[in-house]
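>>> I'd like to go over a predicted model; first the sequence, then the structure.
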Amino acid sequence: MNLTDKIKNLCLKHGFTKAGISAPELSGQDISRFEKWLSEGKHAGMQWLETQKEKRGNPALVLPGIKSIISLAYIYDTPFTHNENFPKISRYAWSKTDYHKYLKDKLKKLCSEIKSETQTEYPDTGLLYYVDDGPIAEKSFAVKSGIGWQGKNSLVINPEFGSYFFLCEILTNIEIEPDKPMEDFCGNCGICTKACPAGALDEEYRLNAGLCISYHNIENKNEIPEHINLHGWLFGCDICQDVCPYNKHKHFTAECGFNPIPELINIPLPAYQSINEAEFNALFSSSPLKRLKYKRFQRNLNKINTAGISFNK
């Protein structure tokens, strides 16, 4: 068994759905497209994307001597559904499991095994891993590695298991045979761009964060502009994924820790409004919602409450 297959088998052994390998360089087209997106202000208030621009385009600035990037997919979808009459939390965030911690624990063990497996040939193996928190163009490298293609909703889509998966990366100084990118299967479909109620997919394959519901109810630390309607989304938004034909055939995670918090699945707006700060801190102690803190949690609820849609039944 060659090194590539050994590493991929280790990734699958640790519960990852798919693993792909890419060289650590982005194409000039990828870099220029990202720089154009930044220059047009489509990143809204996410200034770290500008400050990390050089590293995103050149992973050698993150890990000197880098030779390969291992991209990984981990499914998080569960067989639970939203009720449109109640405030909604994005599927990746509605559990009590901190996906960063959960996946980093897996990656730590995986990297230890990779190091053990390669120490004879690579005695100075270097490995650095991220879960949605590093200066890495993770979607671009996932596409290069054959995990999927970047769809018209700007997310990475796999034809077998859709797009409800976390992306992780392992940067390494081991030279591993790269995989080939996958064909773009979006074709003439434009369901996601039409379905976005905020018009955030103002161009195919590109997100205008300043119009995106998820940007405003997660990343925006200020007041949400009057013209932005959250359409009932308390945290995140799954609309452009829910309508994607490649998510029609459901693939669910084997990890029950990603099931929604029972107290928060499909409950009316007044039940959310009754949560005090101490209860908020307890409920979301390890959830992505803890990023909001109580003040912005209330801000989002107030925005939903004043949107002219009844969520009180």
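That came through fine.
>>> make it CA atoms for all contacts and neighbour counts henceforth
Fine.
>>> so who does Lys221 touch?
Counting by Cα atoms under 8 Å, 6 or more residues apart in numbering, Lys221 touches Arg296.
>>> distance between the ends of stretch 61-75?
Start-to-end span of stretch 61-75 (Cα to Cα, to the nearest Å) is 30 Å.
>>> please renumber the chain so that the first residue is 524 from this point on.
Noted, 524 is the first residue going forward, which turns the last one into stretch 584-598.
>>> contacts for that stretch, please.
By Cα under 8 Å, 6+ apart, stretch 584-598 touches 534, 538-547, 577-578, 582-583, 651, 658, 661, 664-665, 668, 670, 687-699, 701, 774-776.
>>> and if we set it to 7 Å?
539-547, 578, 583, 664-665, 668, 687-699, 775-776 (Cα atoms under 7 Å, 6 or more residues apart in numbering).
>>> show me which of these are buried.
539-547, 578, 583, 664-665, 668, 687-699, 775-776 (16 or more other Cα atoms under 10 Å).
>>> so which of the residues you listed sit within helices?
Per DSSP state H, helices hold the following members of those: Lys578, Phe664, Ala665.
>>> doesn't Leu626 lie inside a strand?
No - with DSSP: H, G, I helix; E, B strand; the rest coil as the criterion, Leu626 is located in helix rather than a strand.
>>> that one - how many residues pack around it?
If you count neighbours by other Cα atoms under 10 Å, Leu626 ends up with 20.
>>> can you read off the pLDDT for it?
As predicted, Leu626 sits at a pLDDT of 98.
>>> hey, where'd the helices end up in the stretch 674-823 of the chain?
714-718, 736-737, 762-765, 792-796, 800-806, 816-828 (DSSP state H, counting those that start in this stretch).
>>> between those helices, which gets nearest to Lys529?
helix 762-765 (32.5 Å; Cα to Cα).
>>> pull out the buried residues from that closest one.
Under 16+ other Cα under 10 Å, the buried positions of helix 762-765 are Ile762, Cys763, Gln764.
>>> pull the residues that contact that helix.
Asn676, Ser686, Cys715, Ala718, Cys719, Asn770.
>>> now do the strands in the stretch 674-823 of the chain.
Counting by DSSP state E, counting those that start in this stretch, the stretch 674-823 of the chain has strands at residues 679-680, 688-695, 756-758.
>>> as JSON lines, those with distance to Ala732 and mean pLDDT would be great.
What follows is the strands of the stretch 674-823 of the chain, written out as JSON lines (distance: least, Cα to Cα, whole Å; pLDDT from 0 to 100):
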{"stretch": "strand 679-680", "distance to Ala732": "17", "mean pLDDT": "98"}
{"stretch": "strand 688-695", "distance to Ala732": "20", "mean pLDDT": "98"}
{"stretch": "strand 756-758", "distance to Ala732": "15", "mean pLDDT": "97"}
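>>> now distance to Lys559 too, for those, in TSV please.
Below are the strands of the stretch 674-823 of the chain laid out as TSV (distance: least, Cα to Cα, whole Å):
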stretch	distance to Lys559
strand 679-680	20
strand 688-695	24
strand 756-758	28
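>>> which among those strands is found nearest to Lys632?
Closest approach to Lys632 among these (Cα to Cα): strand 688-695, 12.2 Å.
>>> for the spatially most distant residue from the centre of the chain, what are phi and psi?
Here the chain reaches farthest from its C-alpha mean at Thr643, the gap being 35.1 Å by Cα atoms, centre = their mean. As for Thr643, its main-chain torsions (degrees, to the nearest 10) stand at phi -70, psi -50.
>>> so who does it touch?
Shown in contact with Thr643 (Cα under 7 Å, 6+ apart): no residues.
>>> what does Thr527 give?
Contacts of Thr527 by Cα under 7 Å, 6+ apart are Ile699, Glu700.
>>> helix/strand/coil for it?
helix.
>>> need the pLDDT of it.
Value for Thr527, per-residue pLDDT: 91.
>>> same deal with the one 4 residues further on?
Reading off the confidence values, Lys531 has pLDDT 96.
>>> measure how buried Asp528 is and give me the count.
12.
>>> look up how far Asn745 lies from it.
On the measure of Cα to Cα, Asp528 and Asn745 end up 47 Å apart.
>>> count the residues that sit near the closest residue to Asp707 other than its chain neighbours.
Distance criterion Cα to Cα, 6 or more residues apart in numbering; nearest residue to Asp707, sequence neighbours excluded, is Trp672 at 5.4 Å. Using other Cα under 10 Å, Trp672 has 24 other residues around it.
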